[in-house]
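In: sharing a sequence plus its predicted fold:
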Amino acid sequence: MLRPTSRWTRVRASAGTSTVDAPEATAWIVLGGAGGATGEHVEAVELAADGSEIARTRLGAHALSSWVRDREGAAAPRWVWNDTPGWYAGLLADGVRVGRCHDLRLAHAILRDAVSVREAPSLRAAHEWDGAPAEPTAFDAAATLFSLEGDRSGFATGPPDGMDAALQEFERQRIAVARSDDPARLRLLIAAESAGALLAVEMRAAGLPWDAVAHDRLLTDQLGPRPVAGAVPRRMQEVAAEVRSALGDPAASLDSQPKLLRSLHRIGIPAESTSKWALAEYEHPVIAPLLEYRRLSRLYTANGWAWLDEWVHEGRFRPVYVPGGVVTGRWASSGGGALQLPRQLRSAVRADPGWKLVVADVAQLEPRVLAAMASDGALATAARGRDLYVGIVESGVVATRAEAKIALLGAMYGATTGDSARLLPRLRSAYPRAMALVDEAARVGDDGGVVSTWLGRSSPPPSASWHDVQAKASDVGSSRGDEDRARRWARDRGRFTRNFVVQGTAAEWALAWLADLRGRLAAMPLASEGDAAIRSGRVFARRPHLALFLHDEVIVHVPEPAAPAVADAVREAADAAAALLFGAFPIDFPLDVRIADTADKS
DNA sequence: TACTATCGCGCG
DNA sequence: AAAGCGCGCGATAGTA
């Protein structure tokens, strides 16, 4: 079955070792296309830890999976490839899981902009690596799922796929990291980012267990029976009739913001916007049914039957996750709105029979991260072992939990008005180090500078138009309008960089948590035969697996007997992530962990 | 007809 | 209560 189509060479250990013919240990295996655009062949180059080439293998694409399985088992290398989805989806479909990788595209994006990388120009010159991720083909269980031999037209965009390009870029990156100001942190960041890339593919393959019947029941309860194509659900029609009656206009349009605004003005509601918090200002019989119409309309259009048909198949919701898709390093998603899982639909997330969900989220992740980054002992003390906002209240800084929350969020987001801004001085005196950190990040951004996260991901520099606006305001003949605009843009950017350092470092903590947890789950024993409802990827049929990641929350789908052990693993992984990022600094990350049949929030 | 921009909502 | 960060998505309006 496995037929490498060319040589297998092994160089002898070169240095003065006494072991005869001992091969150097394989640290990395670089995979790249070798057959031109057809993708019929793949090359694998094994590298030692010092980057020297150990072996080169040419494979038919059909033979890749079993070869990778063998080498994974023998050498546990870090797989190096241009783009994780393009390689790993096919491997997983063949039941091959790998432990570690180095995603060249994601690493390129980090290193290219990182201020700690002095040799970034050589990376910036390699524009071909700047592209978007390759789009995975649409999931279709009946088709040749994730097949490398299948239609690759879905991969039209994406980074270079040849072996030479991969080797050159990998070399550039290794040099850039080694000569950077902080190689250890960058290596950690790239490893975490790459682990996330593996996990994103794994979670898509495994899917989030979804009870379509429960979802349909929820829709029917609220909207009425599923309407025929093009019709409006019954309950929406009824509520719309109430709204139109209150508007005194049987033909009023409720879906067009400008028309609705004019209708409201006609009946004496001088709202400037039709958003629900603007409408809540007014007391009028039209408001309640209008807000109800909006709620139902949102449910119907965003997560109604059409969504269910498109995104849920064979009991699994399979969104496309986009690791590194947000400038701060957070994940984005593409399709299905995976990162907006509406609260009211959480009850449709349901474990398979004989399985459980372990649902875990971190309380107040960002302020905890801020405390650690700033080495703010007072804030860390307020956070220790309890609700951080309660800790702030108990320290006597503010009077209520709500105030503590608003004040701290305002500090991290750059609030300038309202309760939040009013409370800021109290925070500044109680937590000077934490506040100084975010204030300094804002000042740098306001000035046009670049800020970086704890592990060294840097914010993008200001755009050319941003500089233009600033330059224009300092011209001799600048107008008041020019100056106002420049100040506004500068403050906007200051708020962005203020938040960047915190949100970005929180994303790094979350990646470290995920990566550690992924390793723990992989090391757990398989469930016994026969107790699994096999619905998807064979790799996950009998094993606890991550099913959702949502910035500061994970859902693990787990055979019931293993649930308590997995709950422990989730907590241990959080402790490990804290130690990995912040060493001995005394900050903890308490989790809310539940073992349940659904993902409902209490 | 196809596109982009804006609003509004909901997620962290 | 609706200021201050980051997203994705659907509907509508406006433009090419």
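Out: That came in fine, so what should we check first? Numbers count the residues shown, from 1 in each chain, chains lettered A, B, ... in the order given.
In: strands along chain A, start to end?
Out: For chain A, the strands defined by DSSP state E occupy A:28-33, A:41-47, A:53-60, A:78-81, A:100-103, A:208-209, A:312-313, A:316-317, A:320-322, A:332-334, A:355-362, A:545-549, A:553-559, A:591-596.
In: let's have these in TSV, adding distance to DNA strand B.
Out: Just so you know, the C-beta spots here come from the backbone N, C-alpha and C atoms, and that holds for glycine as well. Listed next are these as TSV, based on distance: least, Cβ to the nearest atom of the strand, whole Å:
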stretch	distance to DNA strand B
strand A:28-33	30
strand A:41-47	34
strand A:53-60	38
strand A:78-81	30
strand A:100-103	24
strand A:208-209	14
strand A:312-313	17
strand A:316-317	14
strand A:320-322	14
strand A:332-334	10
strand A:355-362	7
strand A:545-549	10
strand A:553-559	6
strand A:591-596	11
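In: who in the stretch 351-500 of chain A is up against DNA strand C?
Out: A:406, A:409-410, A:413-420, A:492, A:495-496, A:499-500 (Cβ under 7 Å from any atom of the strand).
In: now, of these, which are buried?
Out: Buried members of those, scored by 16 or more other Cβ atoms under 10 Å, are A:406, A:410, A:413-415, A:420, A:495-496, A:499-500.
In: settle this for me: A:Thr26 is touching A:Ala44, isn't it.
Out: No: judged on Cβ atoms under 8 Å, A:Thr26 makes no contact with A:Ala44 at a distance of 10.2 Å.
In: more neighbours, those two?
Out: A:Ala44 (23 against 18; other Cβ atoms under 10 Å).
In: give the contact list for that one.
Out: By Cβ atoms under 8 Å, 6 or more residues apart in numbering, the contact set of A:Ala44 is A:29-31, A:56-59, A:67, A:71.
In: identify the contacts common to A:Thr26 and A:Ala44.
Out: In contact with both A:Thr26 and A:Ala44: A:Arg71, using Cβ under 8 Å, 6+ apart.
In: which residue does the stretch 501-602 of chain A bring closest to DNA strand C?
Out: Closest approach between the stretch 501-602 of chain A and DNA strand C, counting by Cβ to the nearest atom of the strand: A:Gln503, at 5.9 Å.
In: for chain A, which residues are neighbours of DNA strand B?
Out: Within reach of DNA strand B by Cβ under 7 Å from any atom of the strand, chain A has these residues: A:257, A:261, A:273-277, A:291, A:294-295, A:298, A:339-344, A:361, A:503, A:550-553.
In: which among these end up buried?
Out: Buried members of the residues of chain A next to DNA strand B, scored by 16+ other Cβ under 10 Å, are A:261, A:274, A:294, A:339, A:341, A:361, A:503, A:550-553.
In: could you give the backbone dihedrals for the residue sitting nearest the centre point of chain A?
Out: Nearest to the geometric centre of chain A sits A:Trp331, at 2.0 Å (Cα atoms, centre = their mean). Here is the backbone geometry of A:Trp331 (degrees, to the nearest 10): phi -80, psi 150.
In: ok, now which ones touch A:Ala567?
Out: Counting by Cβ under 8 Å, 6+ apart, A:Ala567 touches A:358, A:360, A:593, A:595.
In: residue contacts, A:Gly385?
Out: A:588, A:590.
In: state the distance from it to A:Ala197.
Out: A:Gly385 sits at a distance of 34 Å from A:Ala197 (criterion: Cβ to Cβ, to the nearest Å).
In: and stretch A:590-602, what's buried?
Out: Buried residues in stretch A:590-602, counted by 16+ other Cβ under 10 Å: A:590-591, A:593-600.
In: let's have those residues in JSON lines, adding distance to DNA strand C.
Out: Shown next, in JSON lines, are these (distance: Cβ to the nearest atom of the strand, whole Å):
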{"residue": "A:Pro590", "distance to DNA strand C": "22"}
{"residue": "A:Leu591", "distance to DNA strand C": "20"}
{"residue": "A:Val593", "distance to DNA strand C": "23"}
{"residue": "A:Arg594", "distance to DNA strand C": "22"}
{"residue": "A:Ile595", "distance to DNA strand C": "27"}
{"residue": "A:Ala596", "distance to DNA strand C": "24"}
{"residue": "A:Asp597", "distance to DNA strand C": "27"}
{"residue": "A:Thr598", "distance to DNA strand C": "23"}
{"residue": "A:Ala599", "distance to DNA strand C": "18"}
{"residue": "A:Asp600", "distance to DNA strand C": "21"}
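In: what is the nearest of those residues to A:Pro250?
Out: A:Asp600 (40.1 Å; Cβ to Cβ).
In: wouldn't that closest one be in contact with A:Arg346 here?
Out: Yes: using Cβ under 8 Å, A:Asp600 is in contact with A:Arg346, at 5.0 Å.
In: where does the stretch 501-602 of chain A dip in pLDDT?
Out: Residues of the stretch 501-602 of chain A that meet the criterion pLDDT under 70 lie in A:527-541, A:602.
In: let's see that with 50 instead.
Out: Within the stretch 501-602 of chain A, the ranges that satisfy pLDDT under 50 run A:529-537.
In: up against DNA strand C, what does it have?
Out: A:Gln503.
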